[in-house]
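*Asks:* Okay, sequence plus prediction incoming.
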Amino acid sequence: MKRKPAATFAIYFFLILGVLMIALPLYITVVTAFKHISESLTNYLSLPKEWYTGNFTYIVTKPDYWRAFFNTILVTAVVCLGDVFIMPMLGYAVGRRMTESKKWWRLYLYLLIGIFIPFPVKMIPIVQLLSNLNMLNPVGLSLLCIGSTTCEATFLYTGFLRGIPTDLESAAYIDGASTWQTYTKVVLPLMKPIIATTVIKDGLWAWNDFTLPLITLNRSPKYWTLTLYQYNFQTEAGVDYGLVFACLCLSMIPILIFYLCLQKQIISGLTAGALKG
C-alpha cells in the first residue's frame with residue numbers, strides 16, 4: 001500500500017525533529033566544552049574559533065573530581081556485579097519454583113509489586129534506614145542500588161527463563177548433576193543475553209542517577225558521585241559554561257565506552273527475548 005505524501009512528510013518530520021532533540025544538546029555540550037568563557041557567552045551555537053582545552057585541564061587537575069569519579073565507579077561496579085552473580089540466581093530460583101509452590105509465587109508477586117511503588121513513597125524510609133545503619137556513604141548507596149534493581153531484574157530473568165526448556169535441566173539431573181552444577185553449566189550460559197541487557201541497563205542507571213546520591217551522599221564532598229559533583233560544581237562555576245560542559249563530557253566518556261563495548265549483547269538480548277516471548 002502506497003503512503004500518502006502527507007503521511008510520509010509527517011513521519012520524516014517527526015523523525016528529524018527527534019534526531020535534532022537528541023543531537024543539538026549533545027552538539028552544544030561538546031562545542032561549549034572547548035570554548036573559553038568569553039566565547040561561550042557570545043557565540044553559543046558556533047564552533048570555537050580556537051579549540052580551548054583549558055577547561056578539561058582544570059577539571060582533571062582537581063582531586064575532588066577523581067574522588068567523585070572513583071565513587072561512581074564503585075557504585076556502578078557493585079550494581080553490575082550484582083546483576084552478574086546475584087540476580088540470575090534469584091531469578092532462577094523464583095522462576096523455576098513459583099509454579100511448584102505458592103510461597104515462591106507469593107514472593108514473585110511481592111517483588112513484582114515493588115516495581116510499581118513510586119520512589120517518593122520509599123525515599124524517607126530509605127534515608128532513615130541507612131542513617132540508622134550508619135551507611136550514608138558510597139558502600140551504603142551501592143547496596144541500596146542493588147536492592148533497587150532486584151524487583152525489575154527478577155521480572156526480566158523469570159520472563160527469560162520461560163523460554164528455556166526445563167528438559168535441559170532434567171537431562172542434567174539424570175546424568176547426576178547437582179542443582180548448582182545444572183545452574184552454572186546448563187542454565188547460566190543460556191542467560192548471557194539477558195544478563196548483558198540488565199548489566200547495561202542498570203549500569204547506565206547507576207552511573208547517571210542523581211536522586212539516590214542526592215539524598216544519601218550530599219552531606220560530605222568526599223562521598224559525592226559524578227552527578228553530585230556536577231550539580232555542586234555548576235553552582236561553584238557559576239556562568240562558566242565551558243567548565244560545566246567539560247565536566248559533563250568527561251563524565252560521559254567512560255559510560256559511553258562501556259555501552260559501545262556491550263551494545264551487541266543488549267541487542268541480542270532484546271532479540272532473544274522477543275523471539276522467546
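*Replies:* Now that the structure is in, tell me what you want to look at. Numbers count the residues shown, from 1 in each chain.

*Asks:* Give me the neighbour count for residue 86.
*Replies:* By other C-beta atoms under 10 Å, 14 other residues sit near residue 86. All C-beta spots, glycine's among them, are computed from the backbone N, C-alpha and C.

*Asks:* Give me the pLDDT for it.
*Replies:* What the model reports as pLDDT for residue 86 is 92.

*Asks:* can you tell me which helix or strand the closest residue to it other than its chain neighbours belongs to?
*Replies:* Once its chain neighbours are removed from consideration, residue 86 has its nearest residue in residue 146; the separation is 7.1 Å (C-beta to C-beta, 6 or more residues apart in numbering). Residue 146 is part of helix 138-161 when elements are defined by DSSP states H and E.

*Asks:* tell me which residues in that helix are buried?
*Replies:* Of the residues in helix 138-161, those buried by neighbour count under the rule 16 or more other C-beta atoms under 10 Å are 138, 140-146, 148-158, 160-161.

*Asks:* so what pLDDT did the closest residue in space to residue 66 that isn't next to it in sequence get?
*Replies:* Excluding the flanking residues, the one nearest residue 66 by C-beta to C-beta, 6+ apart is residue 60, at 7.8 Å. Reported pLDDT at residue 60 in the predicted model: 89.

*Asks:* What distance do you get for residue 60 to residue 31?
*Replies:* Here the distance between residue 60 and residue 31 works out to 19 Å (C-beta to C-beta, to the nearest Å).

*Asks:* neighbour count winner among the two?
*Replies:* residue 31 (19 against 13).

*Asks:* Please verify my assumption that that one contacts residue 47.
*Replies:* Yes. With contact taken as C-beta atoms under 8 Å, residue 31 and residue 47 are classed as touching, separated by 6.1 Å.

*Asks:* And the helix or strand containing residue 80, what does it pack against?
*Replies:* Remark: residue 80 resides in helix 63-81, with elements defined by DSSP H and E. Applying 3 or more C-beta pairs under 8 Å, 6 or more residues apart in numbering; DSSP states H and E, we find helix 63-81 packed against helix 138-161, helix 192-208, helix 226-237, helix 241-276.

*Asks:* could you redo the last one with a cut-off of 7 Å?
*Replies:* Where contact means 3 or more C-beta pairs under 7 Å, 6 or more residues apart in numbering; DSSP states H and E, helix 63-81 is packed against helix 138-161, helix 192-208, helix 226-237.

*Asks:* what angle sits between the first one and helix 63-81?
*Replies:* To tie it back to what came earlier, the one meant is helix 138-161. Computed by axes from the mean of the first three to the mean of the last three C-alpha atoms, to 10 degrees, the angle separating helix 138-161 from helix 63-81 equals 30 degrees.

*Asks:* What residues of the helix or strand just after helix 138-161 count as buried?
*Replies:* Following the chain from helix 138-161 toward its C-terminal end, the next helix or strand by DSSP H and E is helix 167-174. If you call a residue buried by 16+ other C-beta under 10 Å, then helix 167-174 has these buried ones: 169, 172.
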